[in-house]
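Visitor: Give me the fold of what follows.
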Amino acid sequence: MSAKKVNFGKKPEALQSVDLEQWVSDRESVVSQPEQAQPEKMKRLTLDIPESLHKAIKRQAVDAGVTMADLLRDLLEQHYGTQQ
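Guide: Numbering: from 1, shown residues only. Model prediction:
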């Protein structure tokens, strides 16, 4: 039985030194900017609908040039709004 030979790449170069003070000040400036709010976490919803309703939603989404998910999200948002 022949032994399998494995070649490893060259040893990685030393990591660049990090200026911790600069990193902390850069981090603080990013955190303090409220206009860059994180997007809300998404949750999955699964429901069963009749095939005819699915086709009607799909047709409307295609006509509007959007995905079914985007179309339904917009409809749900119009009806329920953002309630937290």
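
Visitor: list the contacts for residue 61?
Guide: Residue 61 makes contact with 67-68, 70-71 under the criterion CB atoms under 8 Å, 6 or more residues apart in numbering. To be clear about C-beta, it is placed using only N, CA and C from the backbone, and glycine gets the same treatment.

Visitor: Oh, that last question was meant for residue 26, not what I typed.
Guide: Counting by CB under 8 Å, 6+ apart, residue 26 touches no other residue.

Visitor: What distance do you get for it to residue 70?
Guide: 35 Å (CB to CB, to the nearest Å).

Visitor: now swap in residue 19 and tell me
Guide: Residue 19 sits at a distance of 43 Å from residue 70 (criterion: CB to CB).

Visitor: for residue 50, same thing?
Guide: 21 Å.

Visitor: So for those two, which residue has more residues nearby?
Guide: Ranked by neighbour count (other CB atoms under 10 Å), residue 50 and residue 70 place residue 70 first, with 12 against 8.

Visitor: What does residue 65 show for phi and psi?
Guide: phi 70, psi 30 (degrees, to the nearest 10).

Visitor: for the contacts of residue 61, which one is nearest residue 79?
Guide: Minimum separation from residue 79 among these (CB to CB) is found for residue 71, which lies at 13.0 Å.

Visitor: So what's the residue count around residue 72?
Guide: Neighbour count of residue 72, defined by other CB under 10 Å: 15.
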